[in-house]
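Novice: need a structure here:
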Amino acid sequence: MAALDLTQLLDERRRRIEEALDRFLPAVETSPSEIHAAMRYAVLSPGKRLRPIITLCVADLVGADAAASLRAACAVEFVHTASLILDDLPCMDDASERRGRLALHRAYSLETALLAAFGLLAEAFSHAAAAGPRDAAGPCVCGVLAEAVGTKGLVFGQHLDLNAAGAPMSVAELKAMHDRKAGALFVAAVRMPLLIAHAPEADAARLAQFAASLGLAFQITDDLLDARNSSEDDNKSTFVTVQSEGEAAAQVEALTREATGLLASFGPKAEPLRQMIAYVASRAR
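Specialist: Alright, predicted model coming up:
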């Protein structure tokens, strides 16, 4: 199988996702127009779309229905964007910018940002519910997303983050926090197309662990990039402040090697996911 061009892979899937996001988001012309405009401002700002791209790659791997998987991918991105809006609020990280633009609460207002975040969560669950599967006796796409958002996932991770502010954390504590704050949504992004396709349990377990390893590697590379590109110290523990850059980079290497190994049984069909691993690994260099 010919090697895939990573840029082409990312661009093609990103284009599909962004066209669907634009289509699924409420129109500004409909009421409440300010809230809809704020939702579109946040979602359609430039982004990597890594999580929904992974959803589409897994859907292709296991033969999940394309339309349902695209809805699931957009649901993931709606949740991710809502979490960023909330993270940026004055009572959380108090960020002034996001994705190279004013944070939503600064571009609009605090009240509008809160309502836009809740609006995006509602849209996410609406599309997750529509994705199905309808005949599943076990977990459904909507339930998987709820688990990632709630007190087992993002909510718990943000709680740990807020309570750790100003206090040094160990590598193990950081990992526990980011497994929930960042990793939970990576795992959900993989689990949803697996449920749509009724994938075998053994495959689902391997791919969920792949997502957890890749999600943690992605977070560590974020910390490495922040450390290299900024001289600011906001007194928060990161994978670079609690250990050296070399140790953090070695963690990324170990995690991406583990993620690669978890794809071995899927053969050439998993090449797009291997390219995603290569992308994350390249960020650490």
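
Novice: out of everything not next to it in sequence, what's closest to residue 132?
Specialist: With sequence-adjacent residues excluded and distances taken as Cβ to Cβ, 6 or more residues apart in numbering, residue 132 is closest to residue 68, at 5.7 Å. C-beta here means a position set from N, CA and C on the backbone, and glycine is covered the same way.

Novice: so how many other residues sit close to that neighbour?
Specialist: Number of residues near residue 68 (other Cβ atoms under 10 Å) recorded here: 23.

Novice: next one: the one 4 residues further on
Specialist: Burial of residue 72, expressed as a neighbour count using other Cβ under 10 Å, amounts to 33.

Novice: so who does it touch?
Specialist: 55, 59, 127-128, 131, 141, 192-193, 196 (Cβ atoms under 8 Å, 6 or more residues apart in numbering).

Novice: possible to save the residues you listed as a markdown table with neighbour count?
Specialist: Below are the contacts of residue 72 laid out as a markdown table (neighbours: other Cβ atoms under 10 Å):
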| residue | neighbour count |
| --- | --- |
| 55 | 33 |
| 59 | 23 |
| 127 | 24 |
| 128 | 26 |
| 131 | 27 |
| 141 | 28 |
| 192 | 31 |
| 193 | 30 |
| 196 | 27 |
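
Novice: In terms of distance to residue 110, which of these ranks first?
Specialist: Ranked by distance to residue 110 (Cβ to Cβ), the contacts of residue 72 are led by residue 127 at 26.6 Å.

Novice: I'd guessed the closest one sits against residue 24; true?
Specialist: Yes: at 6.4 Å, residue 127 and residue 24 qualify as touching, with contact defined as Cβ atoms under 8 Å.

Novice: and the residue nearest to residue 77 when sequence neighbours are not counted, what element?
Specialist: Among residues not flanking residue 77 along the chain, residue 52 sits closest, at 4.7 Å (Cβ to Cβ, 6+ apart). Secondary structure from DSSP states H and E places residue 52 in helix 50-62.

Novice: same thing with residue 238?
Specialist: Here residue 238 is assigned to no helix or strand, by DSSP H and E.

Novice: since we're on it, how many residues are nearby?
Specialist: Neighbours of residue 238 (other Cβ under 10 Å): 19.

Novice: so what pLDDT did it get?
Specialist: If you check residue 238, the pLDDT there is 90.

Novice: Tell me, how many residues neighbour the closest residue to it other than its chain neighbours?
Specialist: Spatially, and ignoring its direct neighbours in sequence, residue 238 is nearest to residue 223 (4.1 Å; Cβ to Cβ, 6+ apart). Residue 223 has 22 neighbouring residues, counting by other Cβ under 10 Å.

Novice: just the one 3 residues further on next, same as before
Specialist: Neighbourhood size, residue 226 [other Cβ under 10 Å]: 14.

Novice: Nearest to residue 39 among the contacts of residue 72?
Specialist: Of all the contacts of residue 72, residue 39 sits closest to residue 127, with 13.4 Å by Cβ to Cβ.

Novice: What are the neighbouring residues in contact with the closest one?
Specialist: 24, 71-72, 74-75, 78.

Novice: is it true that residue 140 touches residue 130?
Specialist: No: using Cβ under 8 Å, residue 140 makes no contact with residue 130, being 11.0 Å away.

Novice: Against residue 101, how distant is residue 163?
Specialist: Applying Cβ to Cβ, to the nearest Å, the value for residue 163 to residue 101 is 29 Å.

Novice: Would you mind telling me which of residue 140 and residue 130 has more residues around it?
Specialist: Neighbour count, other Cβ under 10 Å: between residue 140 and residue 130, residue 140 has more, with 20 against 16.
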